[in-house]
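K.L.:
using only what follows, build the 3D model:
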Amino acid sequence: MTNLLIIDDEPLIRIAIRSLEQWEQEGIRIIGEASNGIEALEFLQNHPETDIAIVDVDMPILNGLEFAERVQEEQIPLQIIFLSSFDSFAYARRAFIAGAHDYILKTELDEGRLLTIIKSIQQSSEQTETELPVSVRMRNALHDYFGGGSSELPFSLSFPVTLVILRPADEALVSKRFADNPESIMRLTVDLLRQCCISVQGMYYCVDLSISRYVLLLPSMIDSKPIIGEFLRSSTIYLDLLFDYKVSVSLESWEQVKEAYIKLNGMYAPMSRMVVRARRYIQEHFAEVDLNLSRIADAVEISKNHLSWEFSKETGQSLSSYISQVRIEHAIPLLEQTTLMTYEIAETVGFKNVETFARVFKKITGKTPRDFS
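P.N.:
Okay, the predicted model is just below:
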């Protein structure tokens with residue numbers, strides 16, 4: 001039997017977790033609750049048999065991150081699952097450094113994800129040293145397959161599919177920042193990508209091949225543009241990282257998936273710090289109508305002509321088209337999720353008028369703003 005502790009300052013959340021599953025039937029016993037990190041630490045002193053704690057990130061007195069750090073400092077043998085609102089994603093990222101096993105968004109509580117995570121912890125504790133988690137087996141198998149091996153892939157796939165390859169724009173920075181704990185950023189990137197796929201109907205896979213390569217396999221009937229756009233926005237906000245992506249045509253077999261991966265991955269080239277800085281500046285200032293080449297060049301401290309030439313060479317698109325792309329990516333969720341008028345959204349994302357917005361929107365997405373509202 002696995003012993004579970006719930007740590008959350010909201011009584012309704014604690015009640016909701018208790019009522020989510022038939023825990024005892026799943027081999028899980030809820031042995032206690034706490035409303036903050038201090039209460040939880042006191043509970044653990046009296047109940048060393050506690051195996052797993054579900055911990056809210058934002059709590060009074062001692063928050064979830066501080067609690068995880070104390071657990072790590074005191075070498076308490078406890079697996080931690082963070083419970084977080086989407087706005088707290090950045091805290092969850094830091095939490096992995098403090099030893100957290102995984103995190104779950106509060107919006108996922110009714111989707112079976114919590115039980116899935118706990119089950120994975122149970123299975124991990126029962127594995128021998130020679131056994132690997134499914135996610136690692138998938139990563140290893142795809143590495144072998146894409147590298148020319150004949151590895152048996154540990155998952156099935158319904159064709160046709162679309163392959164998306166993502167990489168951090170500044171690979172050197174990511175490798176340096178997460179040198180001590182690469183698994184943390186890999187896990188967070190895959191989970192964030194999975195969140196962006198939450199509305200996908202049908203089988204899909206998100207796999208972290210390495211700290212700098214991520215693969216998304218989607219049913220070809222699914223439009224990947226909104227998913228990728230949401231991920232690019234979210235990764236900037238919550239992971240503080242910019243990503244590049246490549247998308248395949250519709251693929252009919254595993255052999256075609258391999259060929260597409262080799263082709264698309266070969267199209268990536270190292271990106272200079274100048275271009276990375278320019279893209280980050282655009283991400284931070286896209287909503288400003290007067291954003292232009294001169295401003296960006298001044299911010300990057302390079303001449304306009306040199307920046308324009310380097311940006312096009314390294315990214316395959318002009319700087320102005322990238323600005324438009326970022327603006328449209330931010331406009332789509334406003335069209336889908338708010339009651340703002342189209343002209344208000346156009347102004348919000350940096351367009352001078354709604355006519356230009358509609359024209360650029362159609363050019364980039366192939367649809368009109370009305371199709372998303």
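K.L.:
tell me how many other residues crowd the residue nearest to F146 when sequence neighbours are not counted.
P.N.:
Counting by C-beta to C-beta, 6 or more residues apart in numbering, F146 lies nearest to Y261, which is 5.0 Å off, once chain neighbours are set aside. Where C-beta positions appear, they are placed from N, C-alpha and C, glycine not excepted. If you count neighbours by other C-beta atoms under 10 Å, Y261 ends up with 21.
K.L.:
check the one 10 residues further on too.
P.N.:
Residues lying near M271 (other C-beta under 10 Å) number 21.
K.L.:
contacts only, for S250.
P.N.:
With contacts defined as C-beta atoms under 8 Å, 6 or more residues apart in numbering, S250 is in contact with 160-162, 220.
K.L.:
cutoff 7 Å now
P.N.:
By C-beta atoms under 7 Å, 6 or more residues apart in numbering, the contact list for S250 reads 160, 162, 220.
K.L.:
swap in Y281?
P.N.:
Counted by C-beta under 7 Å, 6+ apart, Y281 has contacts 296, 299-300.
K.L.:
and of those residues, the nearest to V57?
P.N.:
Closest approach between the contacts of Y281 and V57, by C-beta to C-beta: A299, at 33.0 Å.
K.L.:
let me know the secondary structure of the closest one.
P.N.:
For A299, the assignment made with DSSP: H, G, I helix; E, B strand; the rest coil gives helix.
K.L.:
pLDDT score for it?
P.N.:
A299 carries a pLDDT value of 95.
K.L.:
likewise P77?
P.N.:
Per-residue pLDDT puts P77 at 83.
K.L.:
does it count as helix, strand or coil?
P.N.:
coil.
K.L.:
ok, now V215?
P.N.:
Looking at V215 with three-state DSSP, the answer is strand.
K.L.:
is it correct that it is in contact with I165?
P.N.:
Yes. V215 lies in contact with I165 (C-beta atoms under 7 Å); the separation is 6.0 Å.
K.L.:
ok so, going back, am I right that the residue nearest to F146 is in a helix?
P.N.:
Yes. Counting by three-state DSSP, Y261 is located in a helix.
K.L.:
average model confidence for the helix ranked longest in the chain?
P.N.:
Secondary structure of the chain per DSSP state H: the longest helix is helix 319-337. Helix 319-337 comes out with an average pLDDT of 90.
K.L.:
give me the residues contacting it.
P.N.:
Here helix 319-337 has contacts from 226, 229-230, 232-233, 279, 282-283, 286, 291, 293, 296, 308, 311, 315, 340, 345, 348-351, 360-361, 364-365, 369, 372-373, using C-beta under 7 Å, 6+ apart.
K.L.:
next, the buried residues of it.
P.N.:
By neighbour count on 16 or more other C-beta atoms under 10 Å, the buried set for helix 319-337 is 319, 321-335.
K.L.:
do stretch 258-269 as well
P.N.:
So for stretch 258-269, counting by 16+ other C-beta under 10 Å, buried means 258, 260-261, 264.
K.L.:
ok, now stretch 357-367?
P.N.:
Within stretch 357-367, the residues scored as buried using 16+ other C-beta under 10 Å are 357-358, 360-361, 364-365.
K.L.:
quick check, nearest of these to N36?
P.N.:
For the buried residues of stretch 357-367, the minimum distance to N36 (C-beta to C-beta) is 45.8 Å, reached by T365.
K.L.:
need the contact list for that closest one.
P.N.:
Contacts for T365 were tallied using C-beta under 7 Å, 6+ apart; they are 225, 328.
K.L.:
cool, E66 as well?
P.N.:
G37.
K.L.:
returning to what we had before: next structured bit after the longest helix of the chain?
P.N.:
If you walk from helix 319-337 toward the C-terminus, the next helix or strand you reach (DSSP states H and E) is helix 342-348.
K.L.:
in that following helix, what's buried?
P.N.:
Buried-residue list, helix 342-348, by 16+ other C-beta under 10 Å: 342, 345-347.
K.L.:
nearest to S84, of the residues you listed?
P.N.:
For the buried residues of helix 342-348, the minimum distance to S84 (C-beta to C-beta) is 28.0 Å, reached by I345.
K.L.:
what does stretch 196-214 contact?
P.N.:
By C-beta under 7 Å, 6+ apart, the residues outside stretch 196-214 that reach it are 138-139, 142-143, 155, 157-158, 165-168, 171, 174-175, 178, 182, 185-186, 189-190, 193-194, 215-219, 222, 227, 230-231, 234.
K.L.:
now list the buried members of those residues.
P.N.:
For these, a burial check counting by 16+ other C-beta under 10 Å picks out 138-139, 142, 157, 165-168, 171, 174, 178, 182, 185-186, 189-190, 193-194, 215-219, 222, 227, 230-231, 234.
K.L.:
list only buried entries from the contacts of helix 319-337.
P.N.:
226, 229-230, 232-233, 279, 282-283, 286, 291, 293, 296, 308, 311, 315, 345, 349-351, 360-361, 364-365, 369, 372.
K.L.:
before we move on, back to that, helices - which of the buried residues of stretch 357-367 land there?
P.N.:
Among the buried residues of stretch 357-367, the members falling in helices (DSSP H) are 357-358, 360-361, 364-365.
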